[in-house]
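Colleague: just need the structure, nothing else, for what follows:
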Amino acid sequence: MGTIAADNFNLQATLESGQLFRYESSNDWYYVITGSRFFRIRQKARLLEFEGTTPGFIKFFFAIDEDYHAVLSHLSRDRVLSRAIKKYSGLRIMRQPVSDCVLGFLCSPAANIPKIKRNLDALAAMQGNQVRLNGVKAFTMPELSKLTNIELLRKAGTGFRAKYIKSAALMNQDFSGLARLPYSEAKHKLTSMPGIGEKIADCILLFGARKLEAFPVDVWMRKVMMEEYFSGRPESNASIAEFGRERFGSYAGYAQQFLYHWVRNGKG
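Modeller: So this is what the prediction gives:
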C-alpha cells in the first residue's frame, strides 16, 4: 500500500462531482478506473492511502501538484462561490485521458450519471481488458478507435448515441492534441464532430484537455446561475457560459465545478 500527504484535498467531493463516471465505493475505499489503470484509494485526514498505482500518478491524476492556493484565492472573492468553496474546499479537477472524456460525454445526452456509468461499464466489458485488485474484478476503458461496431454499441445500451460514438471512433484522432490548442480552436474542432455541442465540448476540454477556462452549462448549472447571478432573468446557456468565462477567467472551470457540486447537493 502506498501513502502520500495531500493538503487541502477532498477525495469524496473530487470523485463524486460528476467529472469521472467509472468508480465504485466500498466501505471507505474508492475503486477507480481511468484509461488502462485500476486502483483503489481512501482518505484519512490529509493522508491518502492507495493500491494499484504509484504516488506520482496519484499526485498527477488528482492534481495534487497544482497551485491550489491560487485557485481558491482567485475564486473566493466571489460572494456566491465563497459559500460553495467553504463547503467543498479541496475539490480538484482530475487529469483524465481525453479519449475517456470523449467517450464518456458522448454517452451523456439525455442520460443521468448512473446510466452513463452503465453504458461505459458495458462497453468496457465488451472491449476493455479484465483487471483485478484485492479480489475485485473490473474492465479497463476501451480504446475509442475500436468502438466502430454499431450493433455492439447499441447492445451496451447507448441508443441514439451509438452513431456518434462510432463516428468519433472512425475519425481515429489523437484527442490528446486538444490540450495544445487554444481553447476556442479546440472547442471548434470538437463541436464540428457529430453529437458534440457546446456543453459536451466544454466538459471534454475541462476534464480531459485541462482547459480550465471552460465553463460547461447543463440543467444544474443553469439552475444555480439563474438563481444566484441572474435573479431569474431568462438567459441562454451560451450566454451563461460566456458570463462564467468572463467573470471567473482562467479558473472558470473550477468555479463551475464548485457551483455544480454545491447545487446538486442542495446548496447546504
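Colleague: tell me what the helix or strand hosting Ser99 is packed against?
Modeller: For Ser99, the host element (DSSP states H and E) is helix 98-106. In terms of contacts (3 or more CB pairs under 8 Å, 6 or more residues apart in numbering; DSSP states H and E), helix 98-106 is packed against helix 113-127, helix 162-171, helix 198-207. To be clear about C-beta, it is placed using only N, CA and C from the backbone, and glycine gets the same treatment.
Colleague: okay if I get these as JSON lines plus mean pLDDT, distance to Met225 and mean neighbour count?
Modeller: Shown next, in JSON lines, are those (pLDDT from 0 to 100; distance: least, CB to CB, whole Å; neighbours: other CB atoms under 10 Å):
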{"stretch": "helix 113-127", "mean pLDDT": "95", "distance to Met225": "20", "mean neighbour count": "18"}
{"stretch": "helix 162-171", "mean pLDDT": "94", "distance to Met225": "27", "mean neighbour count": "19"}
{"stretch": "helix 198-207", "mean pLDDT": "98", "distance to Met225": "13", "mean neighbour count": "24"}
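Colleague: Leu153: which element?
Modeller: helix 150-155.
Colleague: again but with Phe57, I slipped
Modeller: helix 55-61.
Colleague: same deal with Ala13?
Modeller: Counting by DSSP H and E, Ala13 is part of helix 11-15.
Colleague: now for that helix, which elements pack on it?
Modeller: Looks like helix 11-15 contacts strand 29-34, strand 37-44 (3+ CB pairs under 8 Å, 6+ apart).
Colleague: show me which residues of that helix are buried.
Modeller: By neighbour count on 16 or more other CB atoms under 10 Å, the buried set for helix 11-15 is Leu11, Ala13, Thr14, Leu15.
Colleague: give the next helix or strand downstream of that helix.
Modeller: strand 23-26.
Colleague: from Phe38, how far off is Leu103?
Modeller: Distance, Leu103 to Phe38, by CB to CB, to the nearest Å: 17 Å.
Colleague: my guess is Gln12 contacts Gln43, does it?
Modeller: Yes. When contacts are counted by CB atoms under 8 Å, Gln12 is listed as touching Gln43 (7.4 Å).
Colleague: shared neighbours, the two?
Modeller: Residues touching both Gln12 and Gln43 by CB atoms under 8 Å, 6 or more residues apart in numbering: none at all.
Colleague: these two touch, right, Ala252 and Phe215?
Modeller: Yes. If you go by CB under 8 Å, Ala252 and Phe215 touch, sitting 4.4 Å apart.
Colleague: return the list of helices and strands in contact with the helix holding Leu153.
Modeller: helix 113-127, helix 162-171.
Colleague: reformat those helices as a markdown table; add distance to Lys155.
Modeller: Output for the helices and strands packed on helix 150-155, formatted as a markdown table (distance: least, CB to CB, whole Å):
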| stretch | distance to Lys155 |
| --- | --- |
| helix 113-127 | 8 |
| helix 162-171 | 9 |
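Colleague: sweet, I'm off.
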